[in-house]
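K.L.:
Sequence plus predicted model, see below.
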Amino acid sequence: MAAKAPQNSQSSNEASFTNNIPVPKTKMFVKSLAESPDLISIPSSYASMTGTPNTENQELSEEPEVKFPTIDFSLLTSGNPDQRSKVVDELAKACEEWGFFMVINHEVPERLMEAVIDGCREFFDLSDEDKLEFEGKHLLDPIRCGTSFNTTQEKVFYWRDYVKTFVHPQFFFPHTPQGFSEIAREYSKRTREVFLGIVEGISESLGLKAHGIYKTLNLESGIQIFMSNLYPPCPQPELAQGLPPHSDHGFLTFLTQNGVDGLQIQHNGKWINVSPIPNSFLVNTGDQLEILSNGKYKSLIHRVVLHRNKSRISLSIANGPSLDTVVTPAPELTVCQRPAYAGIKYKDFLELQQSNNLYGKSVLDRVRI
Ligand SMILES: O=C(O)CCC(=O)C(=O)O
Ligand SMILES: [Fe+2]
């Protein structure tokens, strides 16, 4: 059945979004595969050749109670300089030692967080034909929906469907399910406010002016990508992967989920399961922060493992520079140290990341000096 042309809330003919890298026809959505009545094992095209996710070259941490860094957003914005400077120090430590933190007391209403996840679920529940309307034709099309990560490049597919849309500087969104777009618009806006507050704190933590990063990365027209992932129940979770180990291309990613865990982060050479504090954001550092901080704040390597009987939905909001910003190490940080990364336009970085395999820090490695 032929897919109809994508329809979005606004025009998709923005010059900054058009490129010529075509998107292949989506393989079957993994949700439909997972719902096949007789499925007792995964097709070989989903079986990881590098071993099971949990035994792959690194062990799972055996620490029973991991104390993840937690940032109280209300203390960062309270106007009390002592409280703020304490949180700035905590941000420095979290970014340097973990590349990961949970944000609590962020003022995004819990019911909005629940409503947006419900919207994601309703979207994934649409028929394959309805979802294919949003498949997208080119890699940087503002709305794209599909499965795995990049099925033209992958020998092994990931047990994951996704919908991905650009929500800043211009808001694009599927017109269905009804009401989803409005909820997503509000959620994206509120999340961006928290992101901008955290960016000021990170700016200060690097010894830059509070607005330094905002100006350098042109965040006024910074990219915000709304990406929801569905990981359906998998009959052989020990063989398939939700997402392989990778870092995120942007500056900071804000993640929430439907109450089902599955995210693992790499810390001190071990994998750690992340179980979020309710109503918190899981925030991780991305490649543009690693470049800007000249390697002081490394981007976090993370991956997703699957469940036999549970369906997981996550929503990651990737926040990055404007597409035409050339990101380099901050000049203030290369006075005593040589720059460790060459400058690269964010749009080029994004295109490289989207058109290749998702693995490790493959794109960042290309700009290391
Ligand atoms: O689903 C998750 O927990 C992580 C998703 C992720 O890594 C991504 O969207 O880049
Ligand atoms: Fe990620």
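P.N.:
Noted; the coordinates are in hand. Ligands and ions are numbered 1, 2, ... in the order given.

K.L.:
Can you get me a residue count around the residue of the stretch 101-250 of the chain found nearest ligand 1?
P.N.:
Nearest residue of the stretch 101-250 of the chain to ligand 1: Asn229, at 4.6 Å (C-beta to the nearest ligand atom). All C-beta atoms are positioned from the backbone trio N, CA, C, and that covers glycine. Asn229 has 23 neighbouring residues, counting by other C-beta atoms under 10 Å.

K.L.:
Kindly report the same for Ile117.
P.N.:
20.

K.L.:
Next, it: secondary structure please.
P.N.:
Per DSSP: H, G, I helix; E, B strand; the rest coil, the secondary structure class of Ile117 is helix.

K.L.:
contacting residues around it?
P.N.:
Thr256, Gln257, Asn258, Ile313, Leu315 (C-beta atoms under 8 Å, 6 or more residues apart in numbering).

K.L.:
isn't the third one right up against Pro276?
P.N.:
No: counting by C-beta atoms under 8 Å, no contact exists between Asn258 and Pro276, whose distance comes to 11.1 Å.

K.L.:
Next up, the contacts around the residue of the stretch 101-250 of the chain closest to ligand 1.
P.N.:
So Asn229 contacts Arg160, Asp161, Tyr162, Gly242, Leu243, Val304, Arg312, Ile313, Ser314, Leu315, Ser316 (C-beta under 8 Å, 6+ apart).

K.L.:
what do you get for Glu332?
P.N.:
Glu332 neighbours (C-beta under 8 Å, 6+ apart): Leu206, Gly207, Leu208, Gly212.

K.L.:
Show me which pair in those residues is furthest apart.
P.N.:
Spanning the widest gap among these are Gly207 and Gly212, at 9.2 Å by C-beta to C-beta.

K.L.:
ok, how many other residues are close to Glu133?
P.N.:
17.

K.L.:
cool, Gly146 as well?
P.N.:
23.

K.L.:
ok, now Ala34?
P.N.:
There are 18 residues near Ala34, going by other C-beta under 10 Å.

K.L.:
before we move on, what about the one 4 residues further on?
P.N.:
Neighbour count of Asp38, defined by other C-beta under 10 Å: 4.

K.L.:
re the thing from before, save the contacts of Asn229 as a markdown table, and put in distance to ligand 1, neighbour count and secondary structure too.
P.N.:
Below are these laid out as a markdown table (distance: C-beta to the nearest ligand atom, whole Å; neighbours: other C-beta atoms under 10 Å; DSSP: H, G, I helix; E, B strand; the rest coil):
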| residue | distance to ligand 1 | neighbour count | secondary structure |
| --- | --- | --- | --- |
| Arg160 | 8 | 25 | coil |
| Asp161 | 12 | 27 | strand |
| Tyr162 | 7 | 22 | strand |
| Gly242 | 7 | 25 | coil |
| Leu243 | 5 | 24 | strand |
| Val304 | 5 | 22 | strand |
| Arg312 | 7 | 22 | strand |
| Ile313 | 8 | 22 | strand |
| Ser314 | 3 | 25 | strand |
| Leu315 | 8 | 22 | strand |
| Ser316 | 4 | 21 | strand |
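
K.L.:
Just give me the closest of the residues you listed to Cys95.
P.N.:
Nearest member of the contacts of Asn229 to Cys95, counting by C-beta to C-beta, is Ser316, at 17.8 Å.

K.L.:
Leaving out sequence neighbours, find the closest residue to the closest one.
P.N.:
Leu255 (4.6 Å; C-beta to C-beta, 6 or more residues apart in numbering).

K.L.:
so where does the one you found fall, helix or strand?
P.N.:
strand 252-257 (DSSP states H and E).

K.L.:
For that strand, give the mean pLDDT please.
P.N.:
Throughout strand 252-257, pLDDT has a mean value of 98.

K.L.:
Please save the CA atoms from that strand in PDB.
P.N.:
Taking C-alpha atoms only, strand 252-257 is exported to PDB below (Å, rounded to 0.1, in the frame of the first residue of the first chain):
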ATOM      1  CA  LEU A 252      21.600  17.600  26.700                       C
ATOM      2  CA  THR A 253      18.900  15.000  26.400                       C
ATOM      3  CA  PHE A 254      15.900  15.000  28.800                       C
ATOM      4  CA  LEU A 255      14.200  11.600  29.100                       C
ATOM      5  CA  THR A 256      11.000  10.300  30.700                       C
ATOM      6  CA  GLN A 257       9.400   6.900  30.500                       C
END
